[in-house]
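> I'd like to go over a predicted model; first the sequence, then the structure.
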Amino acid sequence: MPSLIDIRRRIRSVRNTQQITKAMKMVSAAKLRRAQDRVIAARPYSALLRQVLADVAAAAGSPGAAQEADSEANPLLARRPEQRILLTLVTADKGLAGAFNSNLNKGALQFIDEHKGASMTLELVGRKGRDFFRKRGAKIAGEQIGLPAQVPYSEAAAIAQSAMDLYRREEIDAIYLLYNEFKSVMSQRFTVRKVLPIDLSAGREEAAPVPYIFEQPPEAMLNDLLPRYVEMEFYEALLESTAAEHAARMTAMDAATSNASEMIDKLTLHLNRVRQASITKEIIEVVSGAAAQ
């Protein structure tokens, strides 16, 4: 049976851990609010950009015909058999966020297993994903570690430009994004999104098209919008992942704080029982000694 000193030391240790988890929960809650505001502000812009891109493609001709006609003028419109795939995995730099990172790594392994016939190259954003796949000897095209918490657009654009350069040089045939999408504080959705080749008909609405008047030829506008669309896809993925990470960490630290409270209560009860047993033992010894005399 542990001594009173050992139990008190254990209670003190758990209480110190509880203070740390409670502080981490408050920090994540503050960061989550700002990250959530950025995600909510970026979603309408991203959706409208997809709609505008689809409308411009429709104005340039039928989406399929436009892609076939302009694939030589703009390599981003080229379609090739997916024999070489670039998978951009967005994880966190830190842990203590529940199953946030492990679910992403498992999802990436499942994606690779589903595309066994293709050569898979990884672009890893986040330390946890980098460490996981570096140990497994995966083919890594690039690593992005220690991105700022506010996720500047320039950082996402640089990652997107690197991926687009590989696609233009025909070193890869498709680009996929794998990340956690922020749904709510308690829920994050595992998301796999295909970025290139672009499906120009995906953002079109079933309603009658609006008769736009273009100052520039639609083909020229399409060539200008395509890189911006890819950059926005990467930027939105980073924003979603950041908000989902803070939500997962806040939830995990809240559960850890509650578990620490329960453990302190159990240890305190055990401490009282051990102390009561010690006092009872001492009383019995005194009474026995007095009776012996």
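That came through, no problem.
> rest of the way, CA atoms for contacts and neighbours
Noted.
> Which stretches in the stretch 51-200 of the chain count as strands?
Remark: strands assigned in the stretch 51-200 of the chain by DSSP state E, counting those that start in this stretch are 84-90, 119-125, 140-144, 174-184, 187-196.
> Could you tell me which other helices and strands whichever strand or helix holds Tyr229 packs against?
Remark: Tyr229 resides in helix 218-292, with elements defined by DSSP states H and E. Applying 3 or more CA pairs under 8 Å, 6 or more residues apart in numbering; DSSP states H and E, we find helix 218-292 packed against helix 4-60, strand 84-90, helix 153-168, strand 174-184, strand 187-196.
> and Ile283, which of those is closest to it?
Proximity to Ile283 (CA to CA) singles out helix 4-60 among those, at 17.6 Å.
> average model confidence for that closest one?
Averaged over helix 4-60, pLDDT sits at 85.
> Just want the angle from it to helix 218-292.
Angle, helix 4-60 to helix 218-292, by axes from the mean of the first three to the mean of the last three CA atoms, to 10 degrees: 170 degrees.
> lowest-confidence helix or strand of this structure?
helix 63-70 (a mean of 46; mean pLDDT, DSSP states H and E).
> ok, how many other residues are close to the nearest residue to Asn105 once chain neighbours are set aside?
When the adjacent residues along the chain are set aside, Asn105 lies closest to Gly129, with 6.4 Å between them (CA to CA, 6 or more residues apart in numbering). Using other CA atoms under 10 Å, Gly129 is surrounded by 24 other residues.
> and Asn272, what does it touch?
Asn272 makes no contacts at all, as judged by CA atoms under 8 Å, 6 or more residues apart in numbering.
> Let me see the contact set for the spatially most central residue of the chain.
The centroid of the chain falls nearest to Ser241 when counting by CA atoms, centre = their mean (3.2 Å). Listed by CA under 8 Å, 6+ apart, the contact partners of Ser241 are 90-91, 179-182.
> I figured Ser119 hits Gln83, correct?
Yes. Contact status for Ser119 versus Gln83: in contact at 6.0 Å, counting by CA atoms under 8 Å.
> domain parsing for this protein?
4-19+253-284, 23-246 (automatic domain parsing).
> weakest of those domains by average pLDDT?
Among these, domain 23-246 scores lowest, with a mean of 81.
> what separates that one from the chain centre, distance-wise?
12 Å (CA atoms, centre = their mean, to the nearest Å).
> Same check on stretch 279-292?
Distance, centroid of stretch 279-292 to centroid of chain: 64 Å (CA atoms, centre = their mean).
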